[in-house]
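Novice: A predicted structure for the sequence below; I have some questions about it.
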Amino acid sequence: DEKAQNKCRSDIEKAIKALEPLCEFFPTSERFSIMGSAYKRLARMQTNKKSPQNTLEKMGGYYRKAYEKSGSTDYYPFTNMATADWLVRNLRKPSDNDFDALINDCDKIIAITQEENGNNPNFWNSVALADCYLLKLMLQGETSKASINEVIALYQQAMKRGASPRQIESVRENFQFLMD
């Protein structure tokens, strides 16, 4: 209902205001990721076309800071940063699809993630690989059935590793964000 949404939006905005000084004076990749996540949640709640674009830009900016602070090796801020960039560009002008730099970074993150998943196979490392491949398809505009089936198989492999309800919900929320 609208009253609950307004309360939730207000709570997110309060959290953002409380976190901003922490990010400014004690910056960490984790804090920047939390800020990016707050803007991601805020973007999901907005219906005005201009508002989500501005919010997505802020989301992407904070995830970019988190990615850079991580040494440009952490898949989580990278996939969220690149997703925000993809969404913003598609809101502006769908023909503005020059994602070569992001695709190159995506290939780098895929290689890192494959190595991490090989060394420490677990749910999150498996999901990271699936997320990166999905992102790459989005950036390339690839919609072939074979490519999509490959990504689905990667997510299925991650789930077979044993996923908690919280982990499954996290993946579901990310899909829902992309579909909204």
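Specialist: It's in. Numbering: from 1, shown residues only.

Novice: in which helix or strand does the residue lying farthest from the centre of the chain reside?
Specialist: No residue in the chain sits farther from the centre than residue 3, which is 27.6 Å out by CA atoms, centre = their mean. If you go by DSSP states H and E, residue 3 is part of helix 2-25.

Novice: for that helix, packing partners?
Specialist: Here helix 2-25 touches helix 29-45, going by 3 or more CB pairs under 8 Å, 6 or more residues apart in numbering; DSSP states H and E. For the C-beta atoms, the positions are set from N, CA and C on the backbone; glycine is no exception.

Novice: buried sites along the helix it packs on?
Specialist: For helix 29-45, burial by neighbour count (16 or more other CB atoms under 10 Å) applies to 29, 31-43.

Novice: report pLDDT for the residue nearest to the spatial centre of the chain.
Specialist: Nearest residue to the geometric centre of the chain (CA atoms, centre = their mean): residue 80, 2.2 Å. Note on residue 80: pLDDT of 95.

Novice: dump the residue contacts of it.
Specialist: By CB atoms under 8 Å, 6 or more residues apart in numbering, residue 80 lies in contact with 33, 36, 37, 40, 59, 60, 63.

Novice: the strand or helix carrying the last one to helix 2-25, inter-axis angle?
Specialist: Spelled out, it's residue 63. For residue 63, the host element (DSSP H and E) is helix 50-69. Here the directions of helix 50-69 and helix 2-25 differ by 30 degrees (axes from the mean of the first three to the mean of the last three CA atoms, to 10 degrees).

Novice: what element comes up after helix 50-69 heading to the C-terminus?
Specialist: Counting by DSSP H and E, the element after helix 50-69 in chain order, helix or strand, is helix 75-92.

Novice: quick one: that next one to helix 29-45, angle?
Specialist: 30 degrees.

Novice: buried set for helix 75-92?
Specialist: Neighbour counts over helix 75-92 (16+ other CB under 10 Å) mark 75-89 as buried.

Novice: extract the CA atoms of it and return them as PDB.
Specialist: Below are the C-alpha coordinates for helix 75-92, written out as PDB (Å, rounded to 0.1, in the frame of the first residue of the first chain):
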ATOM      1  CA  TYR A  75      32.300  -9.100  -8.500                       C
ATOM      2  CA  TYR A  76      29.400  -7.800  -6.300                       C
ATOM      3  CA  PRO A  77      30.000  -4.000  -6.700                       C
ATOM      4  CA  PHE A  78      31.100  -4.500 -10.400                       C
ATOM      5  CA  THR A  79      27.900  -6.300 -11.400                       C
ATOM      6  CA  ASN A  80      25.700  -3.800  -9.700                       C
ATOM      7  CA  MET A  81      27.700  -0.800 -11.100                       C
ATOM      8  CA  ALA A  82      27.600  -2.200 -14.600                       C
ATOM      9  CA  THR A  83      23.900  -3.100 -14.300                       C
ATOM     10  CA  ALA A  84      23.100   0.500 -13.200                       C
ATOM     11  CA  ASP A  85      25.100   1.800 -16.100                       C
ATOM     12  CA  TRP A  86      23.300  -0.500 -18.500                       C
ATOM     13  CA  LEU A  87      19.900   0.600 -17.100                       C
ATOM     14  CA  VAL A  88      20.700   4.300 -17.200                       C
ATOM     15  CA  ARG A  89      21.900   4.200 -20.800                       C
ATOM     16  CA  ASN A  90      18.800   2.200 -21.900                       C
ATOM     17  CA  LEU A  91      16.600   4.800 -20.100                       C
ATOM     18  CA  ARG A  92      18.300   7.600 -21.900                       C
END
